[in-house]
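K.L.:
everything below, folded, please.
(chains A and B)
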Amino acid sequence: MKEVAASDICARVAELCMRACTVLPPDVVAAIEAARDREESPIGRDVLSRLLENAALAAEQGIPMCQDTGLAVVFVELGEDVRLTGGHLEAAIAEGVREGYEKGYLRKSVVRSPFDRRNTGDNTPPVIHTQVIPGASLEITVAAKGAGSENMSALRMMAPAGGIDAVKRLVLETVEKAGASACPPVVVGLGLGGSFEQCALIAKRALLRSLDDRNPDPAAADLEDELLALINATGIGPMGVGGRTTALAVKVGTAPCHIASLPVAVNLQCHAARHASYRWK
Amino acid sequence: MFDRPSSEPLIRLTTPLKEKDVLRLRAGQWVVISGTLYTARDAAHKRMAEALARGEDLPFDVDGQIIYYVGPTPPPPGRIIGAAGPTTAGRMDSYTPALLALGLKGTIGKGPRSAEVREALKQHKAVYFGALGGAGALLSQRIRAVEPIAYEDLGPEAIRGLTVEDFPAIVVNDCQGNDAYEDARRRWRKA
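P.N.:
So this is what the prediction gives:
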């Protein structure tokens, strides 16, 4: 049995919120650099250069790279042999989010209710997804999810008869409709299968993968390659100014599903693909 | 700040915009704007629409002015503002024609506008600019002063007057009905 103090979780989560919003992960920086070098559109290339300049400035000066510092979406992998002391998991995470958004001068972008839309003032509550796994490890990932790309995402319960061709059409339609609103070049998280709610979560989790990894499922890997080429043929380009870089990557996640169902979730992520993790050993 | 054909001079705009400034702008041109930009996004637009519905004045005279759709991060010590890039303009579409009718000459955001807004831009001789989405740290460097105007209780959504110098933007929709995003897509789409 391993013990972790709630106060430690709170402090780490606060730090993860601040880090995610100011430091773009190295795989994302590398993907934008590679895209800039490949981009044929002069204005598109220039936009990518500015985005890199923006990321460097944010990291160097410790200011957020984007004013939409997002809803804090927190992924927890909690080992069965971990015991929390001095508090509760979700409360400690919420306290960490509150502290991180205050200390980091991050924007408070959460309203308490869709009816009165009053700002909670501290960016809580976060959205927390917890997986319980064997062992004594604990890992927490904070993704700062901006609304620009989230609003342009889509979930559809498709008929299995449409097959993967219909899936491709939905992905392209979603990216085309989003255009510059989603802040391209985007990362596309594609969830296939599962149930209605599981499918959305698969798509969101796919966005946490390193942009340069290779999907171990050959069918999914092929679909990722094909969709990336199709999306980059739309011409939308960086921030919609035209060019070959509309997406940096497509990440596909799958799950078994009902014989009558083909749930498809397309979760768009803007170029500021912000997330940070900490693992307790 | 952005590449442009060397044959084209950089277009400098100063607020308030006059009709002649707007008439010469064409979709796809890069401009730099100096003067005052008024910040307003979802919640501030809702309140302005409610004020107009009650027959009240707006918190600032929109005639000739530019609204920047932005909700900045709070200023850390020693700074006047945090990150300040554009938000999605489409969410303000339903409010925009009424403001254009009152003389608003420009809006700055990201992403496409509705057919209604584009029609209103033509009718009232105004433009929609796109700023660099997700470059909030970089764009904040062009902001020289921040003045509270209204709705302070809205926090990041309050209306503020930003004094800007050489704020870069692209003309997305001009007053002739052109759309830079559509033009770009046509030019770069692979068959």
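
K.L.:
doesn't residue A:258 lie inside a helix?
P.N.:
No - Residue A:258 is assigned coil when assessed by DSSP: H, G, I helix; E, B strand; the rest coil, not a helix.

K.L.:
residues contacting the nearest residue to it once chain neighbours are set aside?
P.N.:
What sits nearest to residue A:258 in space, not counting adjacent residues and going by C-beta to C-beta, 6 or more residues apart in numbering or on different chains, is residue A:195, at 7.6 Å. C-beta here means a position set from N, CA and C on the backbone, and glycine is covered the same way. Counting by C-beta atoms under 8 Å, 6 or more residues apart in numbering or on different chains, residue A:195 touches A:257-258, A:261, A:263.

K.L.:
most neighbours of all those residues, which one?
P.N.:
Of all the contacts of residue A:195, residue A:263 has the most neighbours under the rule other C-beta atoms under 10 Å in any protein chain shown, reaching 23 neighbours.

K.L.:
which secondary structure state is assigned to the nearest residue to that residue once chain neighbours are set aside?
P.N.:
In space, and not counting its chain neighbours, residue A:263 is closest to residue A:199: 3.8 Å by C-beta to C-beta, 6+ apart. Put simply, residue A:199 is helix when judged by three-state DSSP.

K.L.:
do you know how far residue A:199 is from residue A:163?
P.N.:
Separation of residue A:199 from residue A:163 (C-beta to C-beta, to the nearest Å): 16 Å.

K.L.:
all helices of chain B, in order?
P.N.:
B:19-23, B:42-53, B:96-101, B:115-124, B:136-140, B:180-188 (DSSP state H).

K.L.:
of those, which is nearest chain A?
P.N.:
Between chain A and the helices of chain B, the tightest spacing by C-beta to the nearest C-beta is seen for helix B:180-188, at 2.9 Å.

K.L.:
if we can go back for a sec, which among the helices of chain B is found nearest to residue A:53?
P.N.:
When those are compared by C-beta to C-beta, helix B:136-140 sits nearest residue A:53, at 6.0 Å.

K.L.:
how far off centre is the closest one?
P.N.:
15 Å (C-alpha atoms, centre = their mean, to the nearest Å).

K.L.:
name the helices or strands packed onto that helix?
P.N.:
helix A:42-61 (3 or more C-beta pairs under 8 Å, 6 or more residues apart in numbering or on different chains; DSSP states H and E).

K.L.:
average model confidence for the very next helix or strand once past the helix it packs on?
P.N.:
Using DSSP states H and E, the helix or strand that follows helix A:42-61 towards the C-terminus is strand A:71-79. Taken as a whole, strand A:71-79 carries a mean pLDDT of 98.

K.L.:
so for residue A:199 and residue A:163, which sits in the more crowded spot?
P.N.:
residue A:199 (27 against 11).

K.L.:
so what's that one up against?
P.N.:
A:155, A:191-193, A:255, A:263-265 are the contacts of residue A:199 under C-beta under 8 Å, 6+ apart.

K.L.:
write out the residues of the stretch 151-281 of chain A neighbouring chain B.
P.N.:
A:151, A:178-183, A:233-237, A:239-244, A:270-272 (C-beta under 8 Å from any C-beta of the partner chain).

K.L.:
show me which of the residues you listed are buried.
P.N.:
Neighbour counting by 16 or more other C-beta atoms under 10 Å in any protein chain shown classes A:178-183, A:234-237, A:239-244, A:270-272 among those as buried.

K.L.:
now intersect those residues with the helices, please.
P.N.:
residue A:178.

K.L.:
now residue A:116: which helix or strand?
P.N.:
Going by DSSP H and E, residue A:116 is not in any helix or strand.

K.L.:
try residue A:95
P.N.:
helix A:89-103.

K.L.:
other residues contacting that helix?
P.N.:
A:6-7, A:9-18, A:69, A:72, A:74, A:76, A:78, A:84, A:106-108, A:122-126, A:128, A:130, A:140, A:142.

K.L.:
within reach of chain B, which of those residues are there?
P.N.:
A:69, A:106-108.

K.L.:
of those residues, closest to chain B?
P.N.:
Looking across these and measuring by C-beta to the nearest C-beta, the closest to chain B is residue A:107, at 4.5 Å.

K.L.:
SS state for the closest one?
P.N.:
Going by three-state DSSP: residue A:107 is coil.

K.L.:
try residue A:213
P.N.:
Applying three-state DSSP: residue A:213 is coil.

K.L.:
what about it, how many residues nearby?
P.N.:
11.

K.L.:
for it, give its distance to residue A:277.
P.N.:
In terms of C-beta to C-beta, residue A:213 sits 15 Å off from residue A:277.

K.L.:
residue A:67 too?
P.N.:
Residue A:67 sits 24 Å away from residue A:277, going by C-beta to C-beta.

K.L.:
show me where chain B has strands.
P.N.:
Secondary structure of chain B, counting by DSSP state E: strands at B:11-14, B:30-39, B:66-68, B:106-109, B:127-130, B:143-150, B:159-173.

K.L.:
and those as a markdown table, adding mean pLDDT and distance to chain A?
P.N.:
Shown next, in a markdown table, are these (pLDDT from 0 to 100; distance: least, C-beta to the nearest C-beta, whole Å):
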| stretch | mean pLDDT | distance to chain A |
| --- | --- | --- |
| strand B:11-14 | 96 | 15 |
| strand B:30-39 | 97 | 8 |
| strand B:66-68 | 98 | 11 |
| strand B:106-109 | 98 | 9 |
| strand B:127-130 | 98 | 6 |
| strand B:143-150 | 98 | 12 |
| strand B:159-173 | 97 | 7 |
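
K.L.:
can I get those in CSV with mean neighbour count and distance to residue A:93?
P.N.:
Converted to CSV, the strands of chain B look like this (neighbours: other C-beta atoms under 10 Å in any protein chain shown; distance: least, C-beta to C-beta, whole Å):
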stretch, mean neighbour count, distance to residue A:93
strand B:11-14, 15, 46
strand B:30-39, 21, 32
strand B:66-68, 27, 34
strand B:106-109, 28, 33
strand B:127-130, 26, 36
strand B:143-150, 15, 33
strand B:159-173, 23, 32
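
K.L.:
could you dump those strands to TSV with distance to residue A:226?
P.N.:
What follows is the strands of chain B, written out as TSV (distance: least, C-beta to C-beta, whole Å):
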stretch	distance to residue A:226
strand B:11-14	41
strand B:30-39	35
strand B:66-68	39
strand B:106-109	33
strand B:127-130	30
strand B:143-150	43
strand B:159-173	31
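
K.L.:
higher neighbour count, residue A:67 and residue A:277?
P.N.:
residue A:67 (28 against 17).

K.L.:
next, count neighbours for residue A:40.
P.N.:
So residue A:40, with other C-beta under 10 Å, has 12 neighbours.

K.L.:
what do you get for the one 5 residues further on?
P.N.:
Residue A:45 has 22 neighbouring residues, counting by other C-beta under 10 Å.

K.L.:
with the one 5 residues further on instead?
P.N.:
Residues within reach of residue A:50, counting by other C-beta under 10 Å, total 21.

K.L.:
wait, doesn't it sit right on residue B:137?
P.N.:
No - assessed by C-beta atoms under 8 Å, residue A:50 is found out of contact with residue B:137, at 10.7 Å.

K.L.:
anything in contact with each of these two?
P.N.:
Joint contacts of residue A:50 and residue B:137 (C-beta under 8 Å, 6+ apart) do not exist.

K.L.:
good, we can wrap up now.
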